[in-house]
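Visitor: Just to be clear, the model below is a prediction. Sequence and coordinates:
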Amino acid sequence: MTRPFKTLDDLGDVTAKRVLVREDLNVPMDGATVTDDTRLRATIPTVTELADKGAIVIVLAHFGRPKGQRNPEMSLALVTKPYEQVLGRPVRFIDDQDAAEAIATMQPGDIGVLENTRFDPGEEKNAPETIHRLAALGDIYVNDAFSAAHRAHASTEGLAHKLPAYAGRQMEAELDALDKALGNPEHPVAAVVGGAKVSTKLDVLKHLVAKVDHLIIGGGMANTFLAARGVDVGKSLAEHDLTGTAEEIMEAADRAGCTVHLPYDVVVAKEFKPNPPTRTVNVHEVAADEMILDIGPAATEALADVLKTCRTLVWNGPLGAFETPPFDTATVTLAKTAAALTKEGSLVSVAGGGDTVAALNQAGVADQFSFVSTAGGAFLEWMEGKELPGVAALAR
Ligand code: ADP
Ligand code: MG
């Protein structure tokens, strides 16, 4: 398979070559402890493959938001020890003050982590001086950080124009999965778009209506669409100023031959707290003092039937207020259906978004989807159909 970008398979002999590998090491920490090492683990294939091939591996990454200032609390020196444990190999911290000298003493197979790229004010500006400084430290550039690819920074974009550039294994897997989901998917394609607000996902909805066969709208944003159809949603979260936009999206879907699925039954409560008294009602029966907090069982079953007719699913946003029981019911149920269809081989399922990943984990099915993207902002921009600068810069 020839991809529009080069991968590690296209690398020649890298013995003793200095390879600058952009990774995402921006992990949450509590004191000296990494509380979620998912991002560190995701770097293992690329970093170990290069080290095993005899490269001198220099990992570039940002950590927190130091805004161009040195800040010891955001030094990647803090991540070096936990990273060693995850990799099971020694990792050397490279201070950016004398990086060239330090790298000159590294041996083939050695792995180092350069200080936080964002200590340099030129990083986020994609400044030529910064690109030049970084490029002087390496012979080859590998971008393995899809989650940072929506930013045109020196270490995510600029360097790709300065050194021979390749996608790392993680980047390659992410781009392959996304291509299967929306780039060149097998039809019919269903998109589930949920979450709190229409306003944060307008561009996603506009892009999807032209791409997918079924647009399934849930979560708080379904309330705005229901209101646009004249439904009284009571005290529900809804953006009443956006009902015109919701109508335009439904009209665009009609013209594109995309079926929009809104719930026809919903779970409502008077109070938003764990396990309050609830009612399951037709959308036309919501009382003035009630809130819609999840889509109902009949709607969920109908959506499961839609998924059964589809070959591809892309999912962003929970169908209800899943953090508060029992309003995770529809999300969990439909996620389990998607997981089962994926297991049967009838569905390619790709999901992403911070809360979506949390909801799929809560449902216990995150590892049963074909691919789950942990790249929040980059995943959404990709769902909006935007070209990601870090990816575009890798084009052959
Ligand atoms: P993601 O992070 O996956 O992109 P969002 O941030 O857009 O998802 O949306 C997730 C939020 O939407 C959750 O906090 C969830 O509680 C909220 N939500 C979903 N449905 C409703 C609803 N009916 N009323 C209020 N909030 C909702
Ligand atoms: Mg969110």
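Guide: Looks like it came in fine. Ligands and ions are numbered 1, 2, ... in the order given.

Visitor: residue ranges for the strands of the stretch 1-150 of the chain, please.
Guide: 18-22, 29-30, 33-34, 56-60, 92-94, 111-114, 140-143 (DSSP state E, counting those that start in this stretch).

Visitor: Would you convert those strands into TSV that also reports mean neighbour count and distance to residue 149?
Guide: Glycine gets a C-beta too; all of them are placed from N, C-alpha and C. Output for the strands of the stretch 1-150 of the chain, formatted as TSV (neighbours: other C-beta atoms under 10 Å; distance: least, C-beta to C-beta, whole Å):
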stretch	mean neighbour count	distance to residue 149
strand 18-22	25	9
strand 29-30	12	23
strand 33-34	14	23
strand 56-60	26	14
strand 92-94	19	23
strand 111-114	23	19
strand 140-143	26	7
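
Visitor: any chance of the ones you listed in CSV, plus mean pLDDT?
Guide: Output for these, formatted as CSV (pLDDT from 0 to 100):
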stretch, mean pLDDT
strand 18-22, 98
strand 29-30, 94
strand 33-34, 94
strand 56-60, 98
strand 92-94, 98
strand 111-114, 98
strand 140-143, 98
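
Visitor: need the ones you listed in a markdown table with distance to residue 82, can you?
Guide: As requested, the strands of the stretch 1-150 of the chain are exported to a markdown table (distance: least, C-beta to C-beta, whole Å):
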| stretch | distance to residue 82 |
| --- | --- |
| strand 18-22 | 18 |
| strand 29-30 | 8 |
| strand 33-34 | 4 |
| strand 56-60 | 13 |
| strand 92-94 | 12 |
| strand 111-114 | 11 |
| strand 140-143 | 22 |
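
Visitor: what about the ones you listed, which gets the closest to ligand 2?
Guide: Closest to ligand 2 of those is strand 29-30 (C-beta to the ion; 21.0 Å).

Visitor: strand partners of that closest one, parallel vs antiparallel please.
Guide: Applying DSSP bridges to the sheet, strand 29-30 is found paired with strand 33-34 (antiparallel).

Visitor: OK, now which residue of the stretch 201-350 of the chain is nearest to ligand 2?
Guide: For the stretch 201-350 of the chain, C-beta to the ion, closest residue to ligand 2: residue 317, 7.8 Å.

Visitor: Please identify the residues of the chain in proximity to ligand 1?
Guide: 194-196, 200, 219-220, 237, 292-293, 316-318, 320-323, 353-356 (C-beta under 6 Å from any ligand atom).

Visitor: Among these, name the buried ones.
Guide: Restricting those to buried positions leaves 194-196, 219-220, 237, 292-293, 316-318, 320-322, 353, 355-356, with burial counted as 16 or more other C-beta atoms under 10 Å.

Visitor: Can you list the low-confidence ranges for the stretch 51-200 of the chain?
Guide: Applying pLDDT under 70 to the stretch 51-200 of the chain flags no residue at all.

Visitor: can you pull out the helices in it?
Guide: 77-87, 99-104, 121-125, 128-135, 169-178 (DSSP state H, counting those that start in this stretch).

Visitor: Throw these into JSON lines and include mean neighbour count and distance to ligand 2, thanks.
Guide: Formatted as JSON lines, the helices of the stretch 51-200 of the chain follow (neighbours: other C-beta atoms under 10 Å; distance: least, C-beta to the ion, whole Å):
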{"stretch": "helix 77-87", "mean neighbour count": "18", "distance to ligand 2": "25"}
{"stretch": "helix 99-104", "mean neighbour count": "15", "distance to ligand 2": "36"}
{"stretch": "helix 121-125", "mean neighbour count": "19", "distance to ligand 2": "23"}
{"stretch": "helix 128-135", "mean neighbour count": "18", "distance to ligand 2": "31"}
{"stretch": "helix 169-178", "mean neighbour count": "22", "distance to ligand 2": "19"}
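
Visitor: Fine, thanks again, bye for now.
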